[in-house]
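J.: Predicted coordinates and the sequence they were generated for:
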Amino acid sequence: MPSVLITGCSSGFGLETANLFLDRGWSVIATMRTPDPGLLPSSDWLTILSLDVTDRDSIASAVAQAGPVDVLVNNAGFGAAVPIELIEFETARQLFETNTLGTLAMMQAVLPAFRERRSGVIINVTSTATLKPLPLVSTYRASKAAVNALTESLAVEMQPFGVRVHIVLPGRSPTTQFGANARPHLRGFDDPDYKPMIEGMIKQFQEDTGPVTYAEDVAAAVFEAATNPSAPLKIPAGADAIAWMADAA
């Protein structure tokens, strides 16, 4: 039975991805900072572990408890909508420590075993926000664009060793906790120059009736990357993500 380790399974994309792999008969190691067994159905093939991707000791412990895995899905992350001028430096640091360095640390934790046995798949969930300039999400975008760059180079490095590497790029997803988690970091409403920009972006987001990305879209894209040896390096997830990828090509 193949096994998958997924980070950030407490909600949204990670939770849906864990459910899909369980439904398809995989052994699933679902990780989250604060384990909650009630989030996923009881199963002999499910292991829930505590994992903080910004803590190297936590990573080492989780990977050791997980045992050999066939697929790593780096999904854990958070966002912040703040103008570059106003973002608190600590928030910027947290974005890169979680989204970028956390992903790098997880990859380093599994790569020796993958390389030794000449098999394995790494799937990094980033964002279509990396495909074109957008206001207010610049630091988040930069942290995810860095993951894209890491993944692209890793794919080349791992090719001789039979290890596949992929990027899944979701679009806008109003059904996840991303917006709620990003809201506490918002700055600029009290600034006369930035307030109109922020209010305009919020209004545009609220009134946008175009296609969006659902958690099941991301789960399906991750499963495709995990199971299809011919899957491309970059896989859009969601109708809007597919359109953005086409425009960026």
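T.: Arrived safely.

J.: what's around residue 143, how many residues?
T.: 28 (other CB atoms under 10 Å). In short, each C-beta sits where N, CA and C put it, glycine included.

J.: wait, isn't it in contact with residue 100?
T.: Yes - in this structure, residue 143 is within contact of residue 100 by CB atoms under 8 Å, at 4.8 Å.

J.: show me where pLDDT drops low in this structure?
T.: 175-189, 207, 249 (pLDDT under 70).

J.: who touches residue 223 in this structure?
T.: If you count contacts by CB atoms under 8 Å, 6 or more residues apart in numbering, residue 223 has them with 17, 20, 21, 24.

J.: And the first one, its phi and psi?
T.: Backbone torsions for residue 17, taken as degrees, to the nearest 10, come to phi -70, psi -40.

J.: so what's it closest to, chain neighbours aside?
T.: Nearest-residue entry for residue 17: residue 219, 4.3 Å, with adjacent residues in sequence omitted and distances by CB to CB, 6 or more residues apart in numbering.

J.: Mind telling me what element the residue of the chain positioned farthest from its centre is part of?
T.: In the chain, the residue that sits farthest from the middle, by CA atoms, centre = their mean, is residue 192; the gap is 34.1 Å. For residue 192, there is no helix or strand it lies in under DSSP states H and E.

J.: can you give me the helices in the protein?
T.: 12-23, 56-66, 89-95, 102-117, 138-158, 178-182, 195-207, 215-227, 239-248 (DSSP state H).

J.: For the longest one, which helices and strands make contact with it?
T.: In this structure, helix 138-158 makes packing contacts with helix 89-95, helix 102-117, strand 121-125, strand 164-170, judged by 3 or more CB pairs under 8 Å, 6 or more residues apart in numbering; DSSP states H and E.

J.: want to throw those into JSON lines with mean neighbour count and distance to residue 151?
T.: Below are the helices and strands packed on helix 138-158 laid out as JSON lines (neighbours: other CB atoms under 10 Å; distance: least, CB to CB, whole Å):
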{"stretch": "helix 89-95", "mean neighbour count": "15", "distance to residue 151": "17"}
{"stretch": "helix 102-117", "mean neighbour count": "18", "distance to residue 151": "8"}
{"stretch": "strand 121-125", "mean neighbour count": "26", "distance to residue 151": "5"}
{"stretch": "strand 164-170", "mean neighbour count": "26", "distance to residue 151": "5"}
